[in-house]
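In: pasting the structure only:
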């Protein structure tokens, strides 16, 4: 865990990222502006309770809250266990149940950097013709979708998908400050036309995906589920993407077994 920068500097960076003044943060956290200033300049070392209080009002992800605690000289208190940890067995079972319950339609779970964790059998709709190098773990679903060697060539609305996904990833970079996500964003930008992608239609509440698969053109919309009640870093960062048929043709295609997904 990185802890080479002072806690005040990190908090000030997060405050700027959230577009708040010291007065704004002080009012929200119910502390004095002087105290916020002293913490940011290093004149005051905040207690662990104060670090967590400010982090809560800044909406800082759990992973970064641990980093702030360490930077202030405190022990990290938010659990972070690998997904294979026996204590997370019940959470894994829930995830697998969600994915299986969504069959015959595709569903998958990804981590904070969009690396694939679990998927149901219908995920094959996105794997047809994909370059083998993109399927070597960790499989990144953002890269798989927009890379020329991924399933981008089979997307009938690639421009619309880019216009939806890239701003979403940019917001995630701004929210988390994650340099690896920033590098992924720059990589994905390079796969499309020059310049920033056009903004998505503000009336769209879900991403439509039109994709060719086994000679058929299928249409989905997707939803993303996160676990807001999670108190473990790993679980907070998991997102479940579920794909629903957007027309009767796609629904029939999967209900009749025409997709014939292989067991994985």
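Out: Cool, got the structure. Fair warning: this is a prediction, and the values are worked out from it, not measured in the lab.
In: count the residues that sit near the residue lying closest to residue 73 once chain neighbours are set aside.
Out: Leaving out its chain neighbours, the residue that sits closest to residue 73 by C-beta to C-beta, 6 or more residues apart in numbering is residue 45, at 6.6 Å. No exception for glycine: its C-beta is placed from N, CA and C like everyone else's. Around residue 45 sit 15 other residues, with neighbours defined as other C-beta atoms under 10 Å.
In: quick one: contacts for residue 45?
Out: Neighbouring residues of residue 45 by C-beta atoms under 8 Å, 6 or more residues apart in numbering: 7, 39, 72-73.
In: hmm, which of those residues are the buried ones?
Out: Neighbour counting over the contacts of residue 45 (16 or more other C-beta atoms under 10 Å) leaves 7, 39, 72 as the buried ones.
In: from what I see, the first one and residue 72 are in contact.
Out: Meaning residue 7. Yes - in terms of C-beta atoms under 8 Å, residue 7 counts as a neighbour of residue 72; the distance is 4.0 Å.
In: what residues are shared contacts of these two?
Out: With contacts taken as C-beta under 8 Å, 6+ apart, residue 7 and residue 72 have 45-46, 51 as neighbours in common.
In: now do the same for the most centrally placed residue in the chain: its pLDDT.
Out: The centre of the chain sits closest to residue 112, judged by C-alpha atoms, centre = their mean, with a distance of 4.4 Å. Predicted confidence (pLDDT) at residue 112: the value is 90.
In: can you map out the helices along the stretch 1-150 of the chain?
Out: Using DSSP state H, counting those that start in this stretch, the helices assigned to the stretch 1-150 of the chain run over residues 7-17, 22-29, 33-41, 48-58, 62-71, 89-101, 141-146.
In: let me fix that, I meant to ask about the stretch 151-264 of the chain.
Out: In order along the chain, the stretch 151-264 of the chain carries the following helices (DSSP H, counting those that start in this stretch): 158-176, 179-189, 233-236, 248-255.
In: how far does the first one sit from its chain's centre?
Out: Think helix 158-176. A distance of 10 Å separates the C-alpha centroid of helix 158-176 from that of its chain, computed with C-alpha atoms, centre = their mean, to the nearest Å.
In: what do you get for stretch 241-248?
Out: 20 Å.
In: what do you get for stretch 117-135?
Out: The chain centroid and the centroid of stretch 117-135 are separated by 18 Å under C-alpha atoms, centre = their mean.
In: coming back round to it: in JSON lines: the contacts of residue 45, plus distance to residue 134 and pLDDT.
Out: As requested, those are exported to JSON lines (distance: C-beta to C-beta, whole Å; pLDDT from 0 to 100):
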{"residue": "7", "distance to residue 134": "39", "pLDDT": "94"}
{"residue": "39", "distance to residue 134": "45", "pLDDT": "95"}
{"residue": "72", "distance to residue 134": "41", "pLDDT": "92"}
{"residue": "73", "distance to residue 134": "43", "pLDDT": "91"}
